[in-house]
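Engineer: Generate coordinates for the sequence data below:
(2 chains)
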Amino acid sequence: MMIPACRLADLPRGEAFRLDVDPPVSVFHTDDGEVFAIDDTCTHQDASLADGWLEGCEVECPLHASTFDLRTGAVDSPPAKLPVRTHEVFVEDGMVYVRLSTAAPNLPPCVSARLAGGPA
Amino acid sequence: MRTVAVVGASLAGLSAARSLRKQGYDGRLVVIGDETHRPYDRPPLSKEFLSGALGETDLALETEDEDLGAQWMLGARAVGLDRAERALALTDGRRVRADGIVLATGAAARTLPGSEGLAGVHTLRTLDDARALRDELAGGGRLVVIGGGFIGAEVASTARALGLDVTVVEAAPTPLAGPLGRAMGAVVSGLHTDHGVRLLCGVGVKGLSGERRVDAVLLEDGRSLPADLVVVGVGASPCVDWLQGSGVTLDNGVKCGADGRTSLAGVVAVGDCANWYDPRAGAHRRVEHWTGARERPDAAVATLLAGGAVEPGVPRPPYFWSDQYGVKIQFAGHAAEADSVTVEAGAADDRDVLAVYRRAGHAVAVLGMNQPRLFTRWRKQLGAPL
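Structural biologist: This next block holds a predicted model:
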């Protein structure tokens, strides 16, 4: 599914925009001017990566120390063990569009339980 | 270098083993751990694991397909380091000769004198500790937590959510004043009373009463607190006694340079047992934080592999987190350096706070309660080059 996310002009370098889909997706504008989209929820615990520490092509979870590669979704170190999904991004007429991945997301245990309708 | 031995199989030890392989070391790698478990994550032991929300498999630090090509010697504690032979002696009689050694033996929970052998009294450090405590919490009743630090506070929070009647006893007038300063220590520890947990401050513990099982905690002011269960959370001591006489200089743990080097060539130390030199502070600091155990092995391994010929980087300011009563608490920097603390966002009374600690106008530390976004921004500023 393709979704218009935000205007590139409204997303300064070094900032992130959270797309309110389920599960949420974040669009990052790196200091080098590249734009990436990954799942917003850290695979370890319920935390928004859009709130994290962006450095180069990596974002560090705002709560703990795991960092994810925006290009591949790979996680480099604990406590997270699983990658986040990456989503295709393209910019047209100043608008950022995201094509959502059809792969299954890797959500932390508490979030998966909530989405499944179980106890949080 | 043909053999590197990592002594300690927790986060710091595993991070060192990973760093060795990542930095190109392809020789023999031995990881020695005194527990029988593969490396596991400790933060959930006082929270999600203790409450039953996470199980043991969730705690594993290694990923499913990970293979470090290491020889694991688990259930064996190192008891001696022979500098002439460059050999480690283990409790099971084995000896491991190694060209390079990473010391990552951690710290052990302090206990209360006289509490040995008394049922119902717990410390919380290891997976086995957490299993035992979890099983007892399931029985409910009255819990007294001795020590209002982070471990004590997290256990109190978890136990309260499980429905226990909880009292926290803290010897200092304000809990958490060391790590957070008095003002913010009071704000964070106010979470206890917000949630119906009794907090008794400024009173020491004289001892415990009970025959085979604890039945009360005796306070120095003469009061007696009835207890079905007691958790002692009064800090930890570095596990370095086994290094006495080895030539490794000890001073509040293993004394290290800013790159993890010890007084012996070819030996570095990381994690809770290591007292690293902090160039920002101009002093040695033994920091018992998860993030230090995760990050510092990279530098120590670089030092080990380069024979000490690397320039130590400036570490990021220390960072830790805690979850209590559903509130995410985050802290970075050094509170003790500050001459002022101001609440920049949220309100202390609402336990929704972003507080900045400054010295002569410069931010030296930041505290967040349920403020991850702002906290990250401030933390990044603290870590910016001076």
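
Engineer: Residue 105: neighbouring residues, count only.
Structural biologist: Answering for chain A, as no chain was given. Residues lying near A:Pro105 (other CB atoms under 10 Å in any protein chain shown) number 17. All C-beta atoms are positioned from the backbone trio N, CA, C, and that covers glycine.

Engineer: not quite, I wanted chain B
Structural biologist: Counted with other CB under 10 Å, residues neighbouring B:Thr105 total 30.

Engineer: Kindly provide the distance from it to A:Arg7.
Structural biologist: In this view, B:Thr105 and A:Arg7 are 54 Å apart by CB to CB, to the nearest Å.

Engineer: Send me whichever strand or helix holds A:Phe17 as PDB with only the CA atoms.
Structural biologist: Secondary structure assignment for A:Phe17, by DSSP states H and E: strand A:15-19. Listed next in PDB are the C-alpha coordinates belonging to strand A:15-19 (Å, rounded to 0.1, in the frame of the first residue of the first chain):
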ATOM      1  CA  GLU A  15      14.200  14.700  12.200                       C
ATOM      2  CA  ALA A  16      11.700  12.000  12.000                       C
ATOM      3  CA  PHE A  17       8.000  11.900  11.200                       C
ATOM      4  CA  ARG A  18       5.700   9.200  12.600                       C
ATOM      5  CA  LEU A  19       3.000   7.800  10.300                       C
END
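
Engineer: Partner strands of the helix or strand following that strand, with direction?
Structural biologist: Scanning the chain past strand A:15-19 towards its C-terminal end, the next helix or strand to appear is strand A:25-29 (assignment: DSSP H and E). Counting by DSSP bridges, the strands paired with strand A:25-29 are strand A:15-19 (antiparallel), strand A:35-39 (antiparallel).

Engineer: tell me the SS of residue 80?
Structural biologist: No chain was given, so I picked chain A. Secondary structure of A:Ala80, reduced to three states by DSSP: H, G, I helix; E, B strand; the rest coil: coil.

Engineer: What of B:His192?
Structural biologist: Classification of B:His192 into helix, strand or coil gives helix, according to three-state DSSP.

Engineer: How much space separates the residue lying closest to it once chain neighbours are set aside from B:Val168?
Structural biologist: When the adjacent residues along the chain are set aside, B:His192 lies closest to B:Leu199, with 4.4 Å between them (CB to CB, 6 or more residues apart in numbering or on different chains). B:Leu199 sits 5 Å away from B:Val168, taking CB to CB as the criterion.

Engineer: any common contacting residues for the two?
Structural biologist: Shared contacts of B:Leu199 and B:Val168 (CB atoms under 8 Å, 6 or more residues apart in numbering or on different chains): B:148, B:175, B:192.

Engineer: For B:Leu199 and B:Val168, work out which one has more neighbours and name it.
Structural biologist: B:Val168 (27 against 19).

Engineer: and that one, bridged to which residues?
Structural biologist: B:Val168 forms beta bridges with B:Val145, B:Leu199, as assigned by DSSP bridges.

Engineer: Now do the same contact list for it.
Structural biologist: Taking CB under 8 Å, 6+ apart as the definition of contact, the neighbours of B:Val168 are B:144-145, B:147-148, B:152-153, B:156, B:175, B:192, B:197-200.

Engineer: Buried only: go through the residues you listed for me.
Structural biologist: When burial is judged by neighbour count using 16 or more other CB atoms under 10 Å in any protein chain shown, the buried members of the contacts of B:Val168 are B:144-145, B:147-148, B:152-153, B:156, B:175, B:192, B:197, B:199-200.

Engineer: Number of residues surrounding residue 92?
Structural biologist: Went with chain A since none was named. 9.

Engineer: meant chain B, my bad for not saying
Structural biologist: Neighbours of B:Asp92 (other CB under 10 Å): 10.

Engineer: now chain A, which segments are flagged as low pLDDT?
Structural biologist: With pLDDT under 70 as the threshold, chain A has low-confidence stretches at A:114-120.

Engineer: which bits of it sit near chain B?
Structural biologist: Within chain A, the positions adjacent to chain B are A:47-48, A:50-53, A:62-65, A:77-79, A:81, A:109-110 by CB under 8 Å from any CB of the partner chain.

Engineer: before we move on, back to that, now, the most widely separated pair of the buried ones among the contacts of B:Val168?
Structural biologist: Taking CB to CB, the two most distant members of the buried ones among the contacts of B:Val168 are B:Val144 and B:Pro175; they sit 14.7 Å apart.

Engineer: Tell me where the model's unsure across the stretch 201-350 of chain B.
Structural biologist: Looking at the stretch 201-350 of chain B by pLDDT under 70, you get B:308.

Engineer: any idea where the strands of it begin and end?
Structural biologist: Assigned strands in the stretch 201-350 of chain B, in chain order: B:205-210, B:214-219, B:224-226, B:229-232, B:236-238, B:254-256, B:267-269, B:274-278, B:283-285, B:319-324, B:327-333, B:340-347 (criterion: DSSP state E, counting those that start in this stretch).
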